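**Q** Quick check, what structure comes out for this input:
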Amino acid sequence: MYFGVAPLTMATCSPSSVADGGINDPGAAPYGNFMNYYTFNPPENRLSLIPSTLLQDLGHGGGLQTTLLLDVGCNSGELSVAFYKHLVPAPASREESDESRVHLLGLDLDETLVQRAQQNNPLPGNISFIPLDITKGADRLREYLDRHGASRFHLCLCLAVTMWVHLNHGDSGLLRLLSGLASVSQHLLLEAQPWKCYRSAARRLRKLGRSDFDHFKSLKVRGDVAEHAREHLERNCGMELVQSFGSTTWDRKLLLFRRSLFFLQVYHSNVKKDNQLYNPFRHQRAELQIKT
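**A** Alright, predicted model coming up:
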């Protein structure tokens, strides 16, 4: 996805590039595209912390409103499906169903993982998976939002993705990711890997005899990465932290952000003055300049 002044250039991983590294070793997935991720980090590790009433608590998912969810870095889709079922329980009858009004889009840069997600998708009418590099996919997301008559996703999940963008694209890449997600989300559920995970990822890569991550040694955003992310989202992206759901069994915080009402008023006023249709990617630079 195009986030900020310059696009990132994360490569899409082909099945052959995954297979070449011996995918049973975690170090063989330098973009976090583990083939069996949910066997060692099952969905319940996160879902146990998230209330099943989350959509209603946020004011979504009721009445005739269409609610759009986005899962960035969905891997093979198990968490996407479990998250949807957790928030949208099966109705007693079709007349009571809210399913048709809640849609989830999962995306991942690994085409093999996305194919697996598509093949195992139990709710193709409400959940869809596409191969998409989050650093390049503005047009595809725009088309999806337009098709549903929305300017933003009501809730975006970004779980255990930040570290891989950070390691492969540096501090600026991480900040552009956060800014971009903020621009297309009313609410953002963020799980940022702690710094100890960075060291482990770099160590696994070296153990395989591979070159270190390009930016690992030069990163200035270190230590409490979740706190750095919070500061950037609140100071530069017009978002505010509204709740922490605690930490997962892997000691990772689940943080829920929402767009500041003051920011939305100022931002939409500026867009109206420009006499342009709202496009969160086109106006990214202006958005970064507004402080809450």
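**Q** residues touching the residue nearest the centre of the chain, list them.
**A** In the chain, the residue lying closest to the centroid (C-alpha atoms, centre = their mean) is C158, at 2.7 Å. By C-beta atoms under 8 Å, 6 or more residues apart in numbering, the residues touching C158 are 72-73, 177, 181, 188-191. All C-beta spots, glycine's among them, are computed from the backbone N, C-alpha and C.
**Q** Helix, strand, or coil at it?
**A** State at C158, reduced to three classes by DSSP: H, G, I helix; E, B strand; the rest coil: strand.
**Q** Next one: it relative to A192, how far apart?
**A** Distance, C158 to A192, by C-beta to C-beta, to the nearest Å: 8 Å.
**Q** What of L155?
**A** Distance from L155 to A192, by C-beta to C-beta: 17 Å.
**Q** swap in D224?
**A** Look at D224 and A192: by C-beta to C-beta, they are 9 Å apart.
**Q** Can you tell me the element the residue lying closest to V165 once chain neighbours are set aside falls in?
**A** Leaving out its chain neighbours, the residue that sits closest to V165 by C-beta to C-beta, 6 or more residues apart in numbering is L177, at 4.8 Å. Using DSSP states H and E, L177 sits within helix 162-183.
**Q** and that helix, how far from the chain's centre?
**A** Computed by C-alpha atoms, centre = their mean, to the nearest Å, the chain-centroid distance of helix 162-183 equals 11 Å.
**Q** Export that helix to CSV, keeping only CA atoms.
**A** Extracted C-alpha coordinates of helix 162-183, given in CSV (Å, rounded to 0.1, in the frame of the first residue of the first chain):
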residue,chain,number,x,y,z
THR,A,162,4.4,-4.3,12.4
MET,A,163,7.8,-6.0,13.2
TRP,A,164,8.1,-7.5,9.7
VAL,A,165,7.5,-4.2,8.0
HIS,A,166,9.8,-2.5,10.4
LEU,A,167,12.7,-5.0,9.9
ASN,A,168,12.3,-5.0,6.1
HIS,A,169,11.6,-1.3,5.6
GLY,A,170,13.0,0.5,8.6
ASP,A,171,11.6,3.2,10.9
SER,A,172,10.0,5.1,8.1
GLY,A,173,8.3,2.0,6.8
LEU,A,174,6.8,1.3,10.2
LEU,A,175,5.5,4.8,10.5
ARG,A,176,4.0,4.8,7.0
LEU,A,177,2.3,1.5,7.8
LEU,A,178,0.7,2.9,10.9
SER,A,179,-0.3,6.2,9.2
GLY,A,180,-1.8,4.3,6.3
LEU,A,181,-3.9,2.0,8.4
ALA,A,182,-5.1,5.0,10.4
SER,A,183,-6.2,6.7,7.2
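**Q** buried residues in it?
**A** Neighbour counts over helix 162-183 (16 or more other C-beta atoms under 10 Å) mark 162-170, 172-183 as buried.
**Q** Stretch 125-141 too?
**A** Buried, per 16+ other C-beta under 10 Å, within stretch 125-141: 126-138, 140-141.
**Q** What about those residues, which are in strands?
**A** Counting by DSSP state E, the buried residues of stretch 125-141 place 127-131 in strands.
**Q** Can you pick out the most distant pair from these?
**A** Longest distance between any two of those is 15.1 Å, between I127 and P131; criterion C-beta to C-beta.
**Q** quick revisit: D224 and A192 - which one has more neighbours?
**A** In terms of neighbours (other C-beta atoms under 10 Å), A192 is the more surrounded of D224 and A192; the figures are 26 against 14.
**Q** residue contacts, the more buried one?
**A** A192 makes contact with 162-163, 225-226, 229, 252-253, 255, according to C-beta under 8 Å, 6+ apart.
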